[in-house]
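# Sequence plus the predicted model coming up.
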Amino acid sequence: MTSRVAAADTVGSRRGATDRPRSAGATDRPRPAGATDRPRSAGATDRPHAPAVSVPAVATEAEPTTQQHGGRLIAARLRAYGVTKLFTLSGGHLFSIYDGCRAEGIDIVDVRHEQSAAFAAEGWAKVTRTPGVCALTAGPGVTNGMSAIASAHQNHSPVLVLGGRAPQFRWGQGSLQEIDHVPFVRPLVKFAATAQDTEEIPALIDEAVRSAITPHSGPTFVDLPLDYVFGEAASADPPGPLPDPASGPGADPREIDRAAALLRESERPVIMAGAGLYWGRGETALRSLAERLRIPVFANGLARGCIPADHELAFSRARRTGLQGTDVAVVIGAPLDFRLGFGGAFAPDAEIVAIDVTEPAQDPPRPVTAELYGALPATLDAVHEAASHRNRSPSARPGSVRYAPPKTTRAPARRPNWPTIGRPFTQCACTAS
């Protein structure tokens, strides 16, 4: 036993550590580097101790963190853009988005079918002229919303669709409602993408919102894998302001001068306004243009109401006669589609002036004499100023503009307070709209 103790002391002295008295038959065990011994008992053999080590205090409260789950990142971005409503049908792939919306003060409007959620988002966009947002759960949730997405596409409604998606780390293994949505929706939206990690989500929301409101406005889609939208990432910097489609520059001055020259020489001008006028926030400039130049106004789609229905220059039931009798038609935000007979609704020899926020995706089916593309308030005000010296008194009644007699005579319009712009407008009750 003596030899074993001596051997132990020798080992301990080489390590520079102090050991408790060892019992008979004890064996040595390696000790962690830098370890300190407990106090020795009375009578123990004195040996040099290791120097004292200073241990930092342990925090008793969790340190603040900037990490947020994907749903909160989405909701914070939406809130920064002024979104106050999320339309949805509850689905497990979307729960983190709901948590984020509750934390950010965004109202969750729960419906009973995903189609209703997407149509409600488009309705909100139409009423407010701000992006409508809906969240559709994975698989059949997204496919159920396809009709509403198509409607937003045709109406240029700025709608952001958030799609739930099966987790990426299990992709292709048969997760619940696992469908790749992007190939389905891409033909109907301006922007479609799938998040590749949690950190990417804020940038995707930014791009989708900006694309939705950029003329021509329309729907966008962001697909959110479950593992990424429930995962965490650092909070992103606040987004910059969104572009205002009403505050940009007007159209090419040369095209404005060409349109003004046509209006100065015209005898039977009309204005045909469509939904693009509403989305471009051109209603005030339209009214100023019509009143200054004494031009009757017809409207379809969302342009209805941009000039009050009881305004002396607002017409509806005489549209067919008015368009067929015109010599210059100012078409604002209205495509020459089936509603205008692919351009055939206007007189064959009429000059067409096309005005919109941006160029159309396809060439018009009928030749256009002047094309004015730019912010509508600036463009319409410029046309107003350039054409205001036309040979017509600003105070003249609309009755000074005469149209060819109608081919048929129908019952008089039911609104006797409408002004008389030639005989057709008092006798024709065409209901084309």
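That came through, no problem.

# CA atoms only for stretch 309-329, dumped as CSV, please.
These are the backbone C-alpha positions of stretch 309-329, laid out as CSV (Å, rounded to 0.1, in the frame of the first residue of the first chain):
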residue,chain,number,x,y,z
ALA,A,309,-73.5,59.8,-62.4
ASP,A,310,-75.6,62.9,-62.2
HIS,A,311,-72.9,65.1,-63.7
GLU,A,312,-74.0,67.0,-66.8
LEU,A,313,-71.2,65.4,-68.8
ALA,A,314,-71.7,61.8,-67.6
PHE,A,315,-73.6,59.6,-70.0
SER,A,316,-74.4,55.9,-70.1
ARG,A,317,-77.5,54.9,-72.0
ALA,A,318,-76.5,56.8,-75.1
ARG,A,319,-73.1,55.3,-75.3
ARG,A,320,-73.5,53.4,-78.6
THR,A,321,-74.8,56.5,-80.4
GLY,A,322,-72.2,58.7,-78.9
LEU,A,323,-69.3,56.5,-79.8
GLN,A,324,-70.5,55.8,-83.3
GLY,A,325,-71.0,59.6,-83.9
THR,A,326,-67.6,60.8,-82.6
ASP,A,327,-64.7,62.1,-84.7
VAL,A,328,-62.1,61.9,-81.8
ALA,A,329,-62.3,59.4,-79.0
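
# That stretch: how far from the chain's middle?
Taking CA atoms, centre = their mean, to the nearest Å, one finds the center of stretch 309-329 at 34 Å from the center of the full chain.

# who's in contact with residue 209?
When contacts are counted by CB atoms under 8 Å, 6 or more residues apart in numbering, residue 209 is found next to 77, 81, 131, 160, 220, 242. From N, CA and C alone the C-beta is placed, and that goes for glycine too.

# Distance check, it against residue 267.
To residue 267, residue 209 is 46 Å away according to CB to CB, to the nearest Å.

# Next: residue 246.
Using CB to CB, one obtains 32 Å as the distance from residue 246 to residue 267.

# tell me the phi and psi of residue 373?
Backbone dihedrals for residue 373, given as degrees, to the nearest 10, come out at phi -120, psi 120.

# Please enumerate the strands of the chain.
When secondary structure is read from DSSP state E, the chain shows strands at 67-69, 85-88, 107-110, 132-136, 159-165, 192-194, 220-225, 232-234, 269-273, 297-299, 328-332, 351-356, 370-373.

# what's the most buried one of the ones you listed?
With neighbours defined as mean count of other CB atoms under 10 Å, these peak in mean count at strand 132-136, which reaches a mean of 30.

# could you say what helices and strands that strand packs with?
With contacts taken as 3 or more CB pairs under 8 Å, 6 or more residues apart in numbering; DSSP states H and E, strand 132-136 sits against strand 85-88, helix 114-128, strand 159-165.

# measure residue 354 to residue 235 for me?
46 Å.

# what does residue 135 give?
If you measure residue 135 against residue 235 using CB to CB, the figure is 21 Å.

# same thing with residue 364?
Residue 364 is 47 Å from residue 235, where distance means CB to CB.

# So these two - more neighbours on which side?
Neighbours around residue 364 and residue 235, counted as other CB atoms under 10 Å, are more numerous at residue 364. The numbers are 17 against 13.

# how close does residue 265 sit to residue 327?
Spatial separation of residue 265 from residue 327 under the definition CB to CB is 9 Å.

# Over to residue 266?
5 Å.

# overlap in contacts of these two?
With the criterion set as CB under 8 Å, 6+ apart, the overlap between the contacts of residue 266 and residue 327 is residue 351.

# Tell me which of those two has more neighbours.
Just comparing residue 266 and residue 327: by other CB under 10 Å the higher neighbour count belongs to residue 266, 24 against 16.

# thought the more buried one was touching residue 330?
No: between residue 266 and residue 330 there is no contact under CB atoms under 8 Å: 9.5 Å.

# Kindly tell me how buried residue 369 is, as a neighbour count.
Residues within reach of residue 369, counting by other CB under 10 Å, total 16.

# returning to that earlier point: could you redo the contacts of residue 209 as JSON lines and give each row pLDDT and distance to residue 145?
Conversion of the contacts of residue 209 to JSON lines gives the following (pLDDT from 0 to 100; distance: CB to CB, whole Å):
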{"residue": "77", "pLDDT": "95", "distance to residue 145": "21"}
{"residue": "81", "pLDDT": "95", "distance to residue 145": "21"}
{"residue": "131", "pLDDT": "96", "distance to residue 145": "16"}
{"residue": "160", "pLDDT": "98", "distance to residue 145": "12"}
{"residue": "220", "pLDDT": "98", "distance to residue 145": "13"}
{"residue": "242", "pLDDT": "86", "distance to residue 145": "24"}
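
# Of the residues you listed, which is the nearest to residue 114?
Minimum separation from residue 114 among the contacts of residue 209 (CB to CB) is found for residue 160, which lies at 14.7 Å.

# The nearest residue to that closest one once chain neighbours are set aside and residue 84, how far apart?
Nearest-residue entry for residue 160: residue 133, 4.7 Å, with adjacent residues in sequence omitted and distances by CB to CB, 6 or more residues apart in numbering. The span separating residue 133 from residue 84 equals 9 Å under the rule CB to CB.

# Then residue 171?
Distance, residue 171 to residue 84, using CB to CB: 34 Å.

# still on that earlier bit, using a markdown table, lay out the strands of the chain together with distance to residue 310.
Compiled in a markdown table, those are given as follows (distance: least, CB to CB, whole Å):
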| stretch | distance to residue 310 |
| --- | --- |
| strand 67-69 | 52 |
| strand 85-88 | 32 |
| strand 107-110 | 34 |
| strand 132-136 | 30 |
| strand 159-165 | 32 |
| strand 192-194 | 43 |
| strand 220-225 | 38 |
| strand 232-234 | 55 |
| strand 269-273 | 17 |
| strand 297-299 | 12 |
| strand 328-332 | 21 |
| strand 351-356 | 25 |
| strand 370-373 | 29 |
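
# Identify whichever of the ones you listed lies nearest to residue 291.
Of the strands of the chain, the one closest to residue 291 (CB to CB) turns out to be strand 297-299, at 9.8 Å.

# thought residue 250 was touching residue 373?
No: applying CB under 8 Å, one finds residue 250 not in contact with residue 373, separated by 9.3 Å.

# Where do the domain boundaries of this structure fall?
The chain breaks down by automatic domain parsing into domains covering 67-234, 253-427.

# and the longest one, average pLDDT?
Pointing back at domain 253-427 there. For domain 253-427, the mean per-residue pLDDT is 81.

# ranges for the helices of the stretch 1-150 of the chain?
Under the criterion DSSP state H, counting those that start in this stretch, the stretch 1-150 of the chain contains helices at 2-15, 70-80, 95-104, 114-128, 140-144, 146-155.
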